[in-house]
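>>> I'll drop the sequence and a predicted model, then ask my questions.
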Amino acid sequence: MKDRHLLIVCLLYSGFVCLGLPDQALGIAWPTMRTALGRSLDAAGQIVFLMCAVSAFSSFISGRFMHRFNIPVILIASSALMAFGLWGYASAQSWSILILFTLPYGLGSGVIEASLNNYVAQKYTSRHMNWLHASWGIGATAGPALMTFFVGRENGWRQGYAAMAAIMAALCVLFLLTSRMWERTILPADKKEAEETPAEKSLIRKEKAAALTLFFLYTSMETCIGVWFYSVITEVYGFDVKISGVFITLYWGTLMAGRGAAGIFSDRLGNRRLLRYATYVALAGIALLFVPVPAAVCAGLCLTGLGFSPLFPSMMYETPRVFGNDASSMAGKQSAMGRVGSALVTPAVGFVLERAGLGMFPYILTAFMLVFFILSRFLYPKEKINHCKA
């Protein structure tokens, strides 16, 4: 029994490591890819946008699959789609073929993320949810390193994507071989809706809207800091470019390391208390970003990354506790809203900063964080409230 449990946990973490592998590799591969395919530098944005759109769509509808199929079926199918898409990247001889293979990759990516999140939220503790998302960080770090290893060779980017496809295919085989070890996750249709009063239905709608908005806001803030704050501290605050690069690296480092640390303390603190404390830390960190002094900015970015680290996994962990039988559907929709927030808000904020000035960024970030704070206190109060208990 213990061996089975340990194997499934390892597969869960491996799934998120493999999910993170290709996410950050495109930036390393693109210079040689675009030369081979005869594309301009900005054409990479088309791939990223399409990938985000397709994976958001598949995450959004993944709840339907989770109500019809058990987790091994979903994992085998989605990892096979990802492996097929990555193999297509490795073998594509034209731009149109590359775009075509983005579709199965994005479909598999969205479903596997939502289904693994839902499974861990149902079957494991908050500790495992935080470590699951820390595993993505390991993959997102290893992916560029793997691509860098290959990219110096002739057609190295093809070899890099072929290696990732092989890794994903191996994971698919492991899911197949262990398919009977996974616990059943198909949920019955929610039969309580007819018994709910209009007031209860209204509250549930508000809770769902709040949850989707929280994921939209979180990924928007996380990504926008990584994309825009380097420009703020170099062009507005006048910091040295190398020091500024170190500061941004520390932000991502504390965010990923924080998830590992959160896993150690989350069960002891309680998931909602951890979420609340993390929000306070993030608010304090963002406040320091207004101070144009290197030490303050460095501390602010580290505190912000540390505060952000448990937010996404902790909110995802609460999904079954807030939404009961509707949890699988909401897990997919929340993942989808996270991807939509990252894809849409980042360029929108850039549009605003281009016209209003980079100095507006800390104010925009603060406004987002305050709305996040208010909604999180509404959705995740100290006392557990569950209107749709399974």
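Here it is on my side, so go on.
>>> ok, residue 105 - contacts?
Applying C-beta atoms under 8 Å, 6 or more residues apart in numbering, we find residue 105 in contact with 22, 51, 54, 81, 82, 84, 85, 86, 88, 89. Where you see a C-beta, it was placed from the backbone N, CA and C, and this is true even at glycine.
>>> ok, 6 Å please
82, 85 (C-beta atoms under 6 Å, 6 or more residues apart in numbering).
>>> ditto for residue 297
Applying C-beta under 6 Å, 6+ apart, the residues contacting residue 297 are residue 233.
>>> helix/strand/coil for it?
At residue 297, secondary structure determined by DSSP: H, G, I helix; E, B strand; the rest coil is helix.
>>> hang on, isn't residue 110 packed against residue 54?
No - if you go by C-beta atoms under 6 Å, residue 110 and residue 54 don't touch, sitting 7.0 Å apart.
>>> can you list the domain ranges for this structure.
Residue ranges for the domains of the chain, per automatic domain parsing: 2-177, 198-379.
>>> quick one on the thing from earlier: who's more crowded, residue 110 and residue 54?
Ranked by neighbour count (other C-beta atoms under 10 Å), residue 110 and residue 54 place residue 110 first, with 28 against 21.
>>> tell me which element the more buried one is part of?
helix 95-123 (DSSP states H and E).
>>> for the chain, longest helix please?
Identified as the longest helix of the chain according to DSSP state H is helix 198-231.
>>> List the buried residues of the helix or strand just after it.
Scanning forward in sequence from helix 198-231 by DSSP H and E, the next helix or strand is helix 241-269. Residues 244, 247-248, 250-260, 262-263, 265-266, 269 are the ones in helix 241-269 that count as buried (16 or more other C-beta atoms under 10 Å).
>>> what separates residue 300 from residue 258, distance-wise?
Distance of residue 300 to residue 258, computed by C-beta to C-beta, to the nearest Å: 15 Å.
>>> what does residue 252 give?
11 Å.
>>> Same check on residue 163?
Relative to residue 258, and taking C-beta to C-beta, residue 163 is found at 29 Å.
>>> List the residue ranges of the stretch 1-150 of the chain that fall below the pLDDT cut-off.
1 (pLDDT under 70).
>>> as a whole number, average confidence for the one helix or strand residue 160 maps to?
Here residue 160 is covered by helix 156-177, with elements defined by DSSP H and E. Averaging pLDDT along helix 156-177 gives 95.
>>> And stretch 377-388, by the same measure?
66.
>>> So, low pLDDT: which residues of the stretch 151-300 of the chain?
Looking along the stretch 151-300 of the chain with the criterion set at pLDDT under 70, you get 185-196.
>>> Could you name the helices and strands sitting against the helix or strand containing residue 90?
According to DSSP H and E, residue 90 maps onto helix 71-91. The contact analysis (3 or more C-beta pairs under 6 Å, 6 or more residues apart in numbering; DSSP states H and E) places helix 71-91 against helix 95-123, helix 156-177.
>>> for those helices, which one sits closest to residue 373?
helix 95-123 (22.5 Å; C-beta to C-beta).
>>> which parts of that closest one are buried?
Buried residues in helix 95-123, counting neighbours by 16+ other C-beta under 10 Å, are found at 95, 98, 101-123.
>>> Give me the angle between that helix and helix 156-177.
Inter-element angle recorded for helix 95-123 and helix 156-177: 40 degrees (by axes from the mean of the first three to the mean of the last three C-alpha atoms, to 10 degrees).
>>> Next, the buried residues of the helix or strand following helix 95-123.
Next along the chain after helix 95-123, taking DSSP H and E as the criterion, comes helix 126-151. In terms of neighbour count (16+ other C-beta under 10 Å), helix 126-151 has its buried residues at 126-144, 146-147, 150-151.
>>> circling back to that earlier point, format the domains of the chain as JSON lines; extra columns: distance to residue 184.
Shown next, in JSON lines, are the domains of the chain (distance: least, C-beta to C-beta, whole Å):
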{"stretch": "domain 2-177", "distance to residue 184": "6"}
{"stretch": "domain 198-379", "distance to residue 184": "13"}
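>>> nearest to residue 183, of the ones you listed?
It's domain 2-177; of the domains of the chain, that one is closest to residue 183 (C-beta to C-beta) at 6.0 Å.
>>> Look up how far residue 241 lies from the closest residue in space to residue 350 that isn't next to it in sequence.
The spatially closest residue to residue 350, leaving aside those adjacent along the chain, is residue 228, at 6.6 Å (C-beta to C-beta, 6 or more residues apart in numbering). Computed as C-beta to C-beta, the residue 228 to residue 241 distance reads 15 Å.
>>> before we move on, what about residue 303?
According to C-beta to C-beta, residue 303 stands 23 Å off from residue 241.
>>> One more: residue 68?
52 Å.
>>> what does residue 83 give?
Taking C-beta to C-beta, one finds residue 83 at 39 Å from residue 241.
>>> Could I get the phi/psi values of residue 40?
Taking degrees, to the nearest 10, you get phi -80, psi 170 for the backbone angles of residue 40.
>>> what's the burial count for it?
9.
>>> For it, which non-adjacent residue is closest in space?
residue 34 (7.0 Å).
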